[in-house]
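*Asks:* show me how the following folds:
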Amino acid sequence: MEILKKFSPLLILFPGIILGFMGKPTEMGLSIASGCLFCVFLNLDKFTKFKGAGFEAELKQTIKEAEVTIEKMRNLMKPIIIFTYNQLTYNDRMGGIPINKINTLFTDINSIVQELSLNDDKSIKQEQEKLIKSTAWGSFSNFYTDLYYTKQTDSINELQELNNLDTINYPTEAVINNILNKHNTILNTNQSKKLEEYLNYIREHFNIE
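*Replies:* I've put the predicted structure just below:
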């Protein structure tokens, strides 16, 4: 445990530096965030030293110091978390990260946000909402652009008209099926999978059927 505490700065920085050199800024941000959170809780064993009678004062002081440490960690982590959400949103728009990986990273970051009690922070909420919105539209675009490979031009054009990034009017399953049926579009296995990924995403995040 003491060795871990001694080298805790390396736990925070080393994985992030490596990922940075590998050109993975999103993973770098998440790695640094996770390392910081780990190092905070690494010192919580202090609490076990003050459980005996007569040590109330030491316990209160330890709690106070821990609260100050965690508050400092919140202030440190907030810009890192916002940056990581922002990078995920940007990479999603550029088509660089698969939706399943975005979901995994989103869940991991949210766990850190909850641990640090930053759930109600307005700036973090805004970045979360932007990422969810971007991922939804990105997933929809990922579906209909795949129709180019089977030359379903009429369906593509009509579906593309629904892709409005400035709104939250996500096309429903019924609307999409109406367009596909109108143009006698038959989806292959990959296209069906991408459509289902999009529909599952809007069901999960917006309760849209």
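*Asks:* please parse this structure into its domains.
*Replies:* Per automatic domain parsing, the domain ranges recorded for the chain read 1-118, 120-209.
*Asks:* which of those comes out lowest on mean pLDDT?
*Replies:* Ranked by mean pLDDT, the domains of the chain bottom out at domain 1-118, with a mean of 63.
*Asks:* who are the contact partners of N163?
*Replies:* With contact taken as Cβ atoms under 8 Å, 6 or more residues apart in numbering, N163 is in contact with 137, 140-141, 144. For every residue, glycine as well, the C-beta is placed using N, CA and C.
*Asks:* from T104, how far out is it?
*Replies:* Distance, N163 to T104, by Cβ to Cβ, to the nearest Å: 25 Å.
*Asks:* could you do N169 as well?
*Replies:* Distance from N169 to T104, by Cβ to Cβ: 27 Å.
*Asks:* same question, N181
*Replies:* Distance, N181 to T104, using Cβ to Cβ: 34 Å.
*Asks:* same question, I208
*Replies:* 22 Å.
*Asks:* with neighbour numbers in mind, choose between those two.
*Replies:* Using other Cβ atoms under 10 Å, the more surrounded residue of I208 and T104 is I208, with 16 against 12.
*Asks:* Three-state assignment for that one, please.
*Replies:* Three-state call for I208 (DSSP: H, G, I helix; E, B strand; the rest coil): coil.
*Asks:* phi and psi next, for it.
*Replies:* Main-chain dihedrals, I208, degrees, to the nearest 10: phi -100, psi 130.
*Asks:* quick check: closest non-adjacent residue to it.
*Replies:* Leaving aside its sequence neighbours, I208 sits nearest to I202 (Cβ to Cβ, 6 or more residues apart in numbering; 4.4 Å).
*Asks:* which neighbouring elements make contact with the helix or strand encompassing T104?
*Replies:* Secondary structure assigned from DSSP states H and E places T104 in helix 99-115. On a contact count with 3 or more Cβ pairs under 8 Å, 6 or more residues apart in numbering; DSSP states H and E, helix 99-115 meets helix 25-42, helix 56-93, helix 122-145, helix 189-206.
*Asks:* please redo it, this time with the cut-off set to 7 Å
*Replies:* helix 25-42, helix 56-93, helix 122-145 (3 or more Cβ pairs under 7 Å, 6 or more residues apart in numbering; DSSP states H and E).
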